[in-house]
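Engineer: Here is the input, now give the coordinates:
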Amino acid sequence: MKEGGFIWYELMTSDTEAAAAFYGTVIGWTAKKADNTTAGGMDYTTFHVPGYEAGTAGMMAITPDMAKNGVRPAWVGYVCVDDVDAKANDFWEAGGRVHMPATDIPGIGRFAVVADPHGAVIYLFKPQMPDGPVPEMPKMPTPGTFGWHELYAGDGPEAFDFYAKMFRWKKGQGMDMGPMGTYQLFQYEGADLGGIMTKMPDMPVPFWNYYICADAIDAAKDRVEAAGGKVVNGPMEVPGGSWVIQCLDPQGATFALVAPKR
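Structural biologist: The predicted structure is shown next:
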């Protein structure tokens, strides 16, 4: 994958067993404990679309020290970069923050935790390419893959300019949302990858939200609520004919689902 594409997604949670059961029910993922050797010595779980060996996302527990430092349950996205150290420095020099400097995960790759100038956190990642053939990955919009990336920014136009500079994302269509401002699509390799908008006043901080593909939005909504999650917005139809819901899992992590109506 070239620089600028989302390459991995990870759930930081306070209860990994409960979260594995919730997303297994809602999304249909199977959860597998990673071998400590392949996970760089961490206690790590990977989520899989049934029938595929390659994982589509990961999960790790929030440690007491992390919780003490303010880490709360959340989904995070990793963007592929050519040089993690240089890109983290680019974030810093452009007014962003470096929460964790470039660090190696033996056998996996190198990553850093950074934030844009308004505080939205994103991860940088350069994978270490494995020996031998790469396992087949499920293609979007297979249920269980990630289909959209949305930033609720401190300032939408400023955020677009910042990320366009960092990752060479291109400007797609801008949608006028009236008092809510413009919903600006951004593109990677000629395809729409997500949208950026100024966050609503009641949102405490800017953040990225990730949309997981589901089979049918009404059925997915029922599964979220039956499994102890909360639907905070939707179902809502979006351009192109898909439907979305925005949710909280039982531990409080924000996520969203995109699917046909039925």
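Engineer: which residues of the stretch 51-200 of the chain fall in strands?
Structural biologist: With DSSP state E, counting those that start in this stretch as the criterion, the stretch 51-200 of the chain has strands at 57-61, 74-80, 97-105, 109-115, 121-127, 146-153, 170-176, 182-188, 191-198.
Engineer: what would the ones you listed look like in TSV with distance to residue 204 and mean pLDDT?
Structural biologist: Every residue, glycine included, has its C-beta placed from N, CA and C. TSV is the format used below for those (distance: least, CB to CB, whole Å; pLDDT from 0 to 100):
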stretch	distance to residue 204	mean pLDDT
strand 57-61	24	97
strand 74-80	13	98
strand 97-105	17	96
strand 109-115	15	97
strand 121-127	14	97
strand 146-153	10	97
strand 170-176	25	95
strand 182-188	20	96
strand 191-198	14	97
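Engineer: for those strands, which one sits closest to residue 254?
Structural biologist: Evaluated with CB to CB, those place strand 74-80 nearest to residue 254, the distance being 6.9 Å.
Engineer: hey, which helix or strand in this protein has the poorest pLDDT?
Structural biologist: For the chain, counting by mean pLDDT, DSSP states H and E, helix 64-68 ranks last in confidence among helices and strands (a mean of 92).
Engineer: Convert the C-alpha atoms of it to PDB, please.
Structural biologist: Provided in PDB are the C-alpha atoms of helix 64-68 (Å, rounded to 0.1, in the frame of the first residue of the first chain):
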ATOM      1  CA  PRO A  64      -4.200   0.800  34.400                       C
ATOM      2  CA  ASP A  65      -1.300   3.200  33.500                       C
ATOM      3  CA  MET A  66      -3.000   4.100  30.200                       C
ATOM      4  CA  ALA A  67      -6.300   4.700  32.000                       C
ATOM      5  CA  LYS A  68      -4.500   6.900  34.500                       C
END
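Engineer: ok, now which ones touch residue 200?
Structural biologist: Contact analysis of residue 200 by CB atoms under 8 Å, 6 or more residues apart in numbering lists 152, 180.
Engineer: Show me what the least confident helix or strand of the chain is in contact with.
Structural biologist: Here helix 64-68 has contacts from 12, 14, using CB under 8 Å, 6+ apart.
Engineer: ok, the closest residue in space to residue 120 that isn't next to it in sequence - contacts?
Structural biologist: Excluding the flanking residues, the one nearest residue 120 by CB to CB, 6 or more residues apart in numbering is residue 206, at 4.1 Å. Contacts for residue 206 (CB under 8 Å, 6+ apart) come out as 116, 118, 119, 120, 151, 152, 153, 154, 159, 199.
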